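>>> I would like to see how this sequence folds:
(one chain, ligands or ions: 1)
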Amino acid sequence: MWTLLPWLLACASPPTPPAAAPAKDVVLIVIDTLRADALGPAHTPTLDALAARGEAAPLAWSGGTWTVPSVISLFTGAPVRQHGWDGPTGQQGRYPKLPTLPTLAETFRAAGFTTIGLYANGYLAEELGFDRGFDVWRRVPDAAMPKALAETLAALPPDPDRRHLLYLHLLGPHSTLRPSEEAAARHGVTEAVAAAGKQGLDIGAVARARRDPSVAETYRRAYHAVVEDTDARLGALLTAMGPMAERAAIVVTSDHGELIGERGLAGHGNQLFAPLTQVPYVAVNVGPLPPALSTVSTAARLSEAAGLDTRWPVVPELPLVAQREGALTLTLDGQAQAIWREGEAAVYSVGAIEAEPTADDGRYAHARAAWEAAVPEGARPGEAEALRPGTEETLRGLGYLE
Ligand SMILES: [Zn+2]
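Below you'll find the predicted structure:
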């Protein structure tokens, strides 16, 4: 029988590499309003170094095109269709609370993690329920966030076994823009930034100056300058984490992009064009990324990286879908996107969204039907509640309530 042994060994399937050990700590960083194509024109050495340690997804789409529905998708792992929260921006400060689906922070806290969230966007307020599951949930402006993070971590009682979930949400290149002098100089907008003064450069000016592409061009340069400043801040956040940053599972992405003059549009109002849906996605110590992914799958990806056996909503990998106030867009390959406002789809070339759309040859309607069959429609959220006056003021400052 011993003669069989070499044969048996030769026939045995090759040993599978051992699964990576679960990450002790998990970090999700959202840079608000960051277009995927900003990386390149803006130099982002911190993000590049993270991508070199891990991976950058070739194509990533957000589930929504403004902060609240998109972050709810990050927190619940559910597309807008399933979590049901699809309110418009600027609704007189009245919004319903988050749906009751389990959230990332609730799940990690139940698994013994200490959950810390620092956010700069006033929309992520407690009264909407974004604090659910967080031990710490605190609004901190971008510039103060690295210090606030270091202090928050230092204030925890010493415990070498403690596991952390960090959610850090920077406003980054969200309007209004106030790039540093150095970054403004690198992008040739020193004068425009000086002229805007403390007010900063407002995306509304791009919308108002539709016929003058130079206004959009100036804004785009300032936007890239702010992305560089934000990348430096990302580096400061990683430093504030200390050794945790070396071994944690980390995802850096955005909640949506920004239109900067395309088709005469600006900002992230009621639209679904690819500059709004396509976002960067960099992951370290997180299982291999598919070539195309939705940010909606982030909760599942991070749970798996941490070794948690959690059931998140099951969403097909393709098509990539984003929704906004009853409208829907999808892409199969990142080259073209179908947008339905109602009825028929209009198909746009992602690389040339100024060009007139073409009609769907049936592929997109088919993909949409299959996706909707796989993703159950959730209940609409409850009654809208008035925001506290302080929150309303914050949002007005961000240009949301006009
Ligand atoms: Zn946002």
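
>>> which intervals of the stretch 1-150 of the chain have sub-threshold pLDDT?
1-19, 91-93 (pLDDT under 70).

>>> tell me which residues touch whatever residue of the stretch 1-150 of the chain ends up closest to the ion, please.
At 3.2 Å from the ion, residue 67 is the closest residue in the stretch 1-150 of the chain, using Cβ to the ion. C-beta: built from backbone N, CA, C; applies to glycine. Applying Cβ atoms under 8 Å, 6 or more residues apart in numbering, we find residue 67 in contact with 32, 121, 123-124, 255-256.

>>> how about residue 231?
Going by Cβ under 8 Å, 6+ apart, residue 231 touches 42-47.

>>> with residue 111 instead?
Per Cβ under 8 Å, 6+ apart, neighbours of residue 111: 163, 306, 308.

>>> which of those tops the neighbour count?
The residue in those with the most neighbours, by other Cβ atoms under 10 Å, is residue 306 (23 neighbours).

>>> on that earlier part again, in ChimeraX, how would I select the buried members of the contacts of residue 231?
Command for ChimeraX that selects the buried part of those, burial taken from 16 or more other Cβ atoms under 10 Å:
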select :42,44,46,47
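
>>> among the contacts of residue 231, which lie within helices?
Applying DSSP state H to the contacts of residue 231, the entries found in helices are 45-47.

>>> could you pick out the residues of this structure near the ion for me?
Those residues of the chain that sit near the ion, judged by Cβ under 5 Å from the ion, are 32, 67, 255.

>>> got the phi/psi numbers for the closest residue to the second one other than its chain neighbours?
Think residue 67. Using Cβ to Cβ, 6 or more residues apart in numbering and skipping the chain neighbours, the partner closest in space to residue 67 is residue 123 (4.8 Å). For residue 123, the backbone dihedrals (degrees, to the nearest 10) come out as phi -70, psi -20.

>>> with residue 83 as the reference, measure out to residue 123.
Going from residue 123 to residue 83 by Cβ to Cβ, to the nearest Å gives 16 Å.

>>> how many residues are close by residue 344?
When neighbours are defined as other Cβ under 10 Å, residue 344 has 12 of them.

>>> so what's it up against?
359-360.

>>> what ranges do the helices span in the stretch 301-402 of the chain?
363-374, 389-397 (DSSP state H, counting those that start in this stretch).

>>> scan this structure for its longest helix.
Max-length helix for the chain by DSSP H is helix 213-241.

>>> can you pull the buried residues of that helix?
Neighbour count says helix 213-241 has 215-216, 218-231, 233-235, 237-238, 240-241 buried, by 16+ other Cβ under 10 Å.

>>> residue 168 bridge partners, please.
Beta bridges link residue 168 to residue 29, residue 118, judged by DSSP bridges.

>>> that one and residue 31 touch, don't they?
No: using Cβ atoms under 8 Å, residue 168 is not in contact with residue 31, being 9.2 Å away.

>>> which SSE is immediately downstream of the longest helix of the chain?
Sequence-wise, the next helix or strand downstream of helix 213-241 (DSSP states H and E) is helix 244-247.

>>> what does that next one rub up against?
By Cβ under 8 Å, 6+ apart, the list of residues contacting helix 244-247 reads 23-25, 27, 153, 164, 238-239, 285.

>>> distance to residue 87 and secondary structure added to these, as a markdown table?
Formatted as a markdown table, the contacts of helix 244-247 follow (distance: Cβ to Cβ, whole Å; DSSP: H, G, I helix; E, B strand; the rest coil):
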| residue | distance to residue 87 | secondary structure |
| --- | --- | --- |
| 23 | 34 | coil |
| 24 | 37 | coil |
| 25 | 33 | coil |
| 27 | 29 | strand |
| 153 | 34 | helix |
| 164 | 32 | strand |
| 238 | 34 | helix |
| 239 | 37 | helix |
| 285 | 35 | coil |
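
>>> between the residues you listed, identify the one with the most neighbours.
Ranked by neighbour count (other Cβ under 10 Å), these have residue 27 at the top, with 24 neighbours.

>>> returning to that earlier point: how about the residue of the stretch 1-150 of the chain closest to the ion, phi and psi?
According to degrees, to the nearest 10, residue 67 has phi -60, psi -50.

>>> cool, residue 148 as well?
Note on residue 148: backbone dihedrals following degrees, to the nearest 10 are phi -60, psi -40.
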